[in-house]
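>>> Take this sequence and fold it.
(2 chains)
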There are 2 protein chains.
Amino acid sequence: MGRWEPNARHRLAEAALDLFTERGYDETTVAEIAERAGLTKRTFFRHFADKREVLFGGQEELAQLFAEGVAGTPADATPFEAVAGALDAVAADFTGERLARARQRQPIVAANNDLLERELLKRAKLVAAMHDALAARAVEEPAATVAAELGCLAFGIAFNRWVEAGNRREFGELAVEALDELRAATAALG
Amino acid sequence: MGRWEPNARHRLAEAALDLFTERGYDETTVAEIAERAGLTKRTFFRHFADKREVLFGGQEELAQLFAEGVAGTPADATPFEAVAGALDAVAADFTGERLARARQRQPIVAANNDLLERELLKRAKLVAAMHDALAARAVEEPAATVAAELGCLAFGIAFNRWVEAGNRREFGELAVEALDELRAATAALG
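Residues are numbered from 1 along each chain as shown, chains lettered A, B, ... in the order given. A predicted model of the protein is given here:
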């Protein structure tokens, strides 16, 4: 096997999800993931720092999409409209195959404290990405911080509804709804 | 040395802070912390699960104070008023000696990724404590989630200003100010 493995990152992530589902996260080794993907352990570590990271490969793209979505809204958009732009940018990417994988991933992360801890760290990075994109539009403090927090809360609420068993609604629609709910709740805090 | 060591938890936390400051976090062992406190390694592990935890000993009391502060506000208080009650409950505890220790602790945590990750986890537990106390007052979703997030944001902003070199203002005053700023910013998100 040469140094060039087409789509190695994606194949490793898929193999890992399947093995974690079949055998459990703790019971699966990096060597087994690499073998299932038809790759070497060395290739695994070229793509992921450790076993945990293989479950969080999509987070950097997500942060990137958040940033682009905010940047892509009109200059006179309000902070909430800019956040809506971020969620909309993500929605384009959240379709059929991704949903199946998200549904497979959810119980694996939920069952493991180390993974939940890493998830919090990744969430903090998403908030930071949204925050920085808002700050770059001259949204001031603490508005940029609040808007980024509420945007990521809306993302989380919409995501949970999206992956729920039986859900048939699209992510984009759920995200608009969640952000509207947060806006209304915020206005009524007293 | 018997099984009963008066104030062991506090002595271990103080010894750890001093050693981390003098030698660095990574360079200090649990055995050295115990020795400095005049206690045994075994006693250390009766009080803390690992070396990291010795820096987060106050977080459970903090969560408890948040919960009590929310519960102690009048039944007809708004969610924001209940959150202000939580911050007020904490303020009584945030005085002179605690400030000196907080100032000593801050750069240790900031310099270490593992500690920052643990801090995020602890922050999530504070948000959860405030959220659950609000939910117990029949604050509905997502208002309870938003109020808890904003309350912990205000706590963080006030805390950072409090420990800043040269600050002479009291924590309680800074907390009221931060919550007011967040309320105003939130109303202007569009």
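
>>> Quickly note the distance from the most centrally placed residue in chain A to chain B.
Per Cα atoms, centre = their mean, the C-alpha nearest to the average position across chain A is that of residue A:59, at 4.6 Å. Computed with Cβ to the nearest Cβ, to the nearest Å, the distance linking residue A:59 and chain B is 14 Å. C-beta coordinates here come from the backbone N, C-alpha and C atoms, glycine included.

>>> contacting residues around stretch A:143-155?
Under the contact criterion Cβ atoms under 8 Å, 6 or more residues apart in numbering or on different chains, stretch A:143-155 has outside partners A:66, A:79-80, A:82-83, A:86-87, A:90, A:123, A:126-128, A:130-131, A:134-135, A:139, A:175, A:178-179, A:181-183, A:186, B:142, B:145-146, B:149-150, B:153, B:182, B:185-186, B:188-189.

>>> Filter these down to the ones in helices?
Using DSSP state H to define helices, the subset of these located there is A:66, A:79-80, A:82-83, A:86-87, A:90, A:123, A:126-128, A:130-131, A:134-135, A:175, A:178-179, A:181-183, A:186, B:145-146, B:149-150, B:153, B:182, B:185-186.

>>> List buried residues within those residues.
Those of the ones in helices among the contacts of stretch A:143-155 that meet the buried threshold are A:66, A:79-80, A:82-83, A:86-87, A:90, A:123, A:126-128, A:130-131, A:134-135, A:175, A:178-179, A:181-183, A:186, B:145-146, B:149-150, B:153, B:182, B:185-186, by 16 or more other Cβ atoms under 10 Å in any protein chain shown.

>>> I am assuming residue A:34 contacts residue A:11, so please confirm or correct that.
No: taking contact to mean Cβ atoms under 8 Å, the distance of 9.6 Å between residue A:34 and residue A:11 leaves them out of contact.

>>> isn't residue A:87 right up against residue A:69?
Yes: contact between residue A:87 and residue A:69 holds when scored by Cβ under 8 Å: they sit 7.0 Å apart.

>>> returning to that earlier point: the closest residue in space to the residue nearest to the centre of chain A that isn't next to it in sequence: how many residues sit nearby?
With Cβ to Cβ, 6 or more residues apart in numbering or on different chains as the measure, residue A:122 is the residue that lies nearest to residue A:59, at 4.5 Å, once sequence neighbours are left out. Using other Cβ atoms under 10 Å in any protein chain shown, residue A:122 is surrounded by 17 other residues.

>>> now do the one 10 residues further on
One way to gauge burial is a neighbour count; for residue A:132, by other Cβ under 10 Å, it gives 15.

>>> can you tell me which residues contact it?
Remark: with contacts taken as Cβ under 8 Å, 6+ apart, residue A:132 is in contact with residue A:67.

>>> and the gap between it and residue A:19?
Going from residue A:132 to residue A:19 by Cβ to Cβ, to the nearest Å gives 36 Å.

>>> Close to chain B: what parts of chain A are there?
Contact residues (Cβ under 8 Å from any Cβ of the partner chain) of chain A with chain B: A:77-81, A:117-118, A:120-121, A:124, A:141-143, A:145-147, A:149-150, A:153, A:157, A:178, A:181-183, A:185-190.

>>> 7 Å instead?
With Cβ under 7 Å from any Cβ of the partner chain as the criterion, chain A meets chain B at residues A:78-81, A:117, A:120-121, A:124, A:142-143, A:145-147, A:149, A:153, A:157, A:181-182, A:185-186, A:188-190.

>>> quick one: secondary structure of residue A:121?
With DSSP: H, G, I helix; E, B strand; the rest coil as the basis, the three-state label of residue A:121 is helix.

>>> Walk me through the domains of chain A.
As assigned by automatic domain parsing, chain A contains the domains A:8-54, A:56-187.

>>> which stretches of chain A have low pLDDT?
Counting by pLDDT under 70, the ranges of chain A that qualify are A:1-4.

>>> again, 50 this time
Residue ranges of chain A with pLDDT under 50: A:1-2.

>>> can you tell me how far the nearest residue to residue A:170 once chain neighbours are set aside sits from residue B:189?
In space, not counting the residues next to it along the chain, residue A:170 is nearest to residue A:91; the distance is 7.1 Å by Cβ to Cβ, 6+ apart. Applying Cβ to Cβ, the value for residue A:91 to residue B:189 is 20 Å.

>>> how many other residues sit next to residue A:75?
Neighbour count for residue A:75, taken as other Cβ under 10 Å: 6.

>>> no no, residue A:108
The burial count for residue A:108: 17, using other Cβ under 10 Å.

>>> and it, what element?
Here residue A:108 sits within helix A:96-110, counting by DSSP states H and E.

>>> again with residue A:5
No secondary structure element spans residue A:5, as it lies outside all helices and strands (assigned by DSSP H and E).

>>> quick one: it and residue A:43 touch, right?
Yes: the criterion here is Cβ atoms under 7 Å, and residue A:5 meets it with residue A:43 at 5.9 Å.

>>> Against residue A:25, how distant is the residue lying farthest from the centre of chain A?
In chain A, counting by Cα atoms, centre = their mean, residue A:190 sits farthest out from the average C-alpha position, at 32.0 Å. From residue A:190 across to residue A:25, the span is 43 Å (Cβ to Cβ).

>>> Then residue A:17?
Residue A:17 sits 10 Å away from residue A:25 when distances are taken as Cβ to Cβ.

>>> next one: residue A:41
From residue A:41 over to residue A:25 (counting by Cβ to Cβ), the distance is 17 Å.
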